[in-house]
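Student: 3D model of this:
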Amino acid sequence: MKPRIHVITLAVADLDRALAFYRDGLGFRTEGLIGTEFKGDETIPDGTPAVFHLHGGLMLSIYLRSELAKDAVVPLIAAKPGEFSIGHAVASRAEVDEVIAQAKAAGAAVTDSPHDRQWGIYSGYFQDPDGHHGRSSGTPRSTSPRPEWPPPKRGIDLGPSLSEQSEMICTRPYLVPTPTLTAPSRRAKMLSRGSHRSGFGRALTWRNKLRRLSAWLALVHLITHAGISKVASPGGRAGEKIRRTWREDRQSCGSARRCGHRRGRPWL
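Tutor: Here you go, the predicted structure:
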């Protein structure tokens, strides 16, 4: 399972009241009640929720408590406030007071007025009409520097990890440590060259291609002019005709050293 959440569903007693609180009171964007055509009965849940589209792709859904129990196949129990809270982080203390005041004007009950917490935040709590807790939190109350996180490493320094090196390359290239240059081994050379096929070997660079082409041209020249009849010429009349042609060409060639011809081959 990947660590992500897409939808949070709140069980409510009255859909219209909860819809008015979150849409009109808090200003959450929604299309209203959806799925009204899916009617339920005593065992099949009704398919009418309301979905609010929040920032970051998260969706907040409200659903009747009785229908949610049917859908999850769990017994219907009374609501218990205080089991969880939904947080809303803002950038300043003034925004915390503004959010709490807006929720109170929409009909929420403020259970804890905004104040400084001992762990360093300024926050307050309110309760929606169905008893769900909402929390608005802001900046730390003190300006003292927080401890460094993650804590510094202790013990033997093994250098930056792969993730740290990737971050350095992307954001701070001047901090990337210079690797120590050592003479590569034979295996390292073979691995660096790569191969166009499985196993080790030279890559098909243009120099290697040129070497292979030169070798093939030399082989063709040797077969054509040096008179290796057993390899290059077929047997029978066709082979005799080719060998006769080679004899005539070789006798007519006056530069044996230049083209590699040699006179007096007994098999030609």
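Student: Just the C-alphas of whichever strand or helix holds residue 16, formatted as PDB.
Tutor: Secondary structure from DSSP states H and E places residue 16 in helix 15-20. What follows is helix 15-20, C-alpha atoms only, in PDB (Å, rounded to 0.1, in the frame of the first residue of the first chain):
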ATOM      1  CA  LEU A  15     -26.600  16.000   5.300                       C
ATOM      2  CA  ASP A  16     -28.200  19.400   4.600                       C
ATOM      3  CA  ARG A  17     -27.000  20.900   7.800                       C
ATOM      4  CA  ALA A  18     -23.400  19.600   7.300                       C
ATOM      5  CA  LEU A  19     -23.400  20.700   3.700                       C
ATOM      6  CA  ALA A  20     -24.400  24.200   4.700                       C
END
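Student: what packs against the helix or strand just after that helix?
Tutor: Remark: after helix 15-20, the chain's next helix or strand is strand 29-33, criterion DSSP H and E. Counting contacts by 3 or more C-beta pairs under 8 Å, 6 or more residues apart in numbering; DSSP states H and E, strand 29-33 packs against helix 15-20, strand 50-53. All C-beta spots, glycine's among them, are computed from the backbone N, C-alpha and C.
Student: With respect to burial, which of those scores highest?
Tutor: Comparing these on average neighbours per residue, with mean count of other C-beta atoms under 10 Å, the densest one is strand 50-53 at a mean of 19.
Student: can you pull out the helices in the stretch 1-150 of the chain?
Tutor: For the stretch 1-150 of the chain, helices defined by DSSP state H, counting those that start in this stretch occupy the ranges 15-20, 65-72, 93-105.
Student: For the longest one, enumerate the helices and strands it packs against.
Tutor: Using 3+ C-beta pairs under 8 Å, 6+ apart as the contact criterion, the secondary-structure elements in contact with helix 93-105 are strand 109-116, strand 122-127, strand 133-137.
Student: so residue 12 touches residue 65, yeah?
Tutor: Yes: the criterion here is C-beta atoms under 8 Å, and residue 12 meets it with residue 65 at 6.4 Å.
Student: More neighbours: which of the two?
Tutor: residue 12 (25 against 16; other C-beta atoms under 10 Å).
Student: so what's the more buried one bridging to?
Tutor: When bridges are called by DSSP bridges, residue 12 pairs up with residue 64.
Student: give the contact list for it.
Tutor: 18, 62-65, 129-130 (C-beta atoms under 8 Å, 6 or more residues apart in numbering).
Student: Looking at the helices of the stretch 1-150 of the chain, spot the one closest to residue 212.
Tutor: helix 65-72 (69.8 Å; C-beta to C-beta).
Student: Tell me which other helices or strands the closest one touches.
Tutor: strand 7-12.
Student: what about the strand it packs on, average pLDDT?
Tutor: The predicted model gives strand 7-12 an average pLDDT of 93.
Student: What are the buried residues along it?
Tutor: Buried residues in strand 7-12, counted by 16 or more other C-beta atoms under 10 Å: 10-12.
Student: And for stretch 53-60?
Tutor: Per 16+ other C-beta under 10 Å, stretch 53-60 contains these buried residues: residue 60.
Student: ditto for stretch 64-80
Tutor: 64-65, 67-71.
Student: which pair in these spans the largest distance?
Tutor: Taking C-beta to C-beta, no two of the buried residues of stretch 64-80 sit farther apart than 65 and 71, at 10.8 Å.
Student: and for these two, which residues touch both?
Tutor: What both residue 65 and residue 71 touch, as defined by C-beta under 8 Å, 6+ apart, is an empty set.
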